[in-house]
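J.: after the sequence you'll find the predicted model.
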Amino acid sequence: MKNLLWIVLALFLFSCNEKGFKTYDGENYLAFAKDFTKDSTIVSFFFHPGESELDVPLEVTLAGIPLREARTFTLVAVKDETDIDAANYQLSESYTFRSGMVKDTIYVHVVNSEVLKAKVFKLVLEIQGNDDFVPGVSSFRKTKLVISDIAAQPDWWTSVVIKSYLGKYSDKKYQLLIEVTGESDFSACTPSEFTAYALQLKYYLQKHIDAGNSPIYDEDNNENMKVTVIG
């Protein structure tokens, strides 16, 4: 039985290598959770009224044996892929990956300015290798932040949010959601919290009609504004 288990394990590792997956070979590989070629992190000060600076969370993953004690690593901005001025972001001298974790969160500091009201800028960051970590595969060793002070669909407005809570995104709907709920960042919401916030917007839209007004029109989606939450 033990020999059979070793054979199965060997076949699995061979299959992983054949498919291009990294397997543990004595080194710890550090990577961002998002695929750089497909995903980016949207940061818009437009939806954080009154805030001039933000700490943007970025998830980092570890492939290898979990650390027995915290280790540090550094990030650099990839100059030929970054078009935002250095005055609009601050990188720490080092970042810490905590012990016992396979996924951790670090924060990058971004600063608002007038130029962000006119254009969307990119900040591309790359993990640097050191004695403790090897950067992961190329599509995960870098990450892209898209930074502005312009209305933009946030990361948390996913297909699940569209289907079950708020419906299709529009700048106008997001602005109204902020006004009705008093909140602007819903990234940490649980399903029950999403339901509660979406219902607030739904009841507001209905009360607007009950008061004798025409339905609020959503120009971006060419329809009367609506949400998908049930209740």
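T.: Right, received. Where do you want to start?

J.: can we go C-alpha only for contacts and neighbour counts from here?
T.: OK.

J.: so which helix or strand takes in residue 124?
T.: Take DSSP states H and E as the rule and residue 124 turns out to sit in strand 121-128.

J.: just the buried residues of the strand ranked longest in the chain, please?
T.: Scanning the chain for the strand with the most residues, using DSSP state E, yields strand 53-63. By neighbour count with 16 or more other C-alpha atoms under 10 Å, strand 53-63 contains the buried residues 54, 58, 60-63.

J.: which SSE is immediately downstream of it?
T.: Trace forward from strand 53-63 with DSSP H and E and the next one is strand 71-77.

J.: who does that following strand pair up with?
T.: Using DSSP bridges, strand 71-77 pairs in its sheet with strand 95-97 (antiparallel), strand 121-128 (antiparallel).

J.: still on that earlier bit, can I get the buried residues of strand 53-63 in TSV with pLDDT?
T.: TSV is the format used below for those (pLDDT from 0 to 100):
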residue	pLDDT
54	96
58	97
60	97
61	97
62	96
63	94
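
J.: between the residues you listed, which sits nearest residue 124?
T.: residue 58 (12.3 Å; C-alpha to C-alpha).

J.: okay, now the unreliable bits of this structure?
T.: 1-26 (pLDDT under 70).

J.: where is the longest helix in it?
T.: Longest helix in the chain, counting residues (DSSP state H): helix 191-210.

J.: show me where this protein has strands.
T.: Counting by DSSP E, the strands of the chain are 29-32, 41-44, 53-63, 71-77, 89-90, 95-97, 103-111, 121-128, 134-135, 142-148, 217-218, 223-224.
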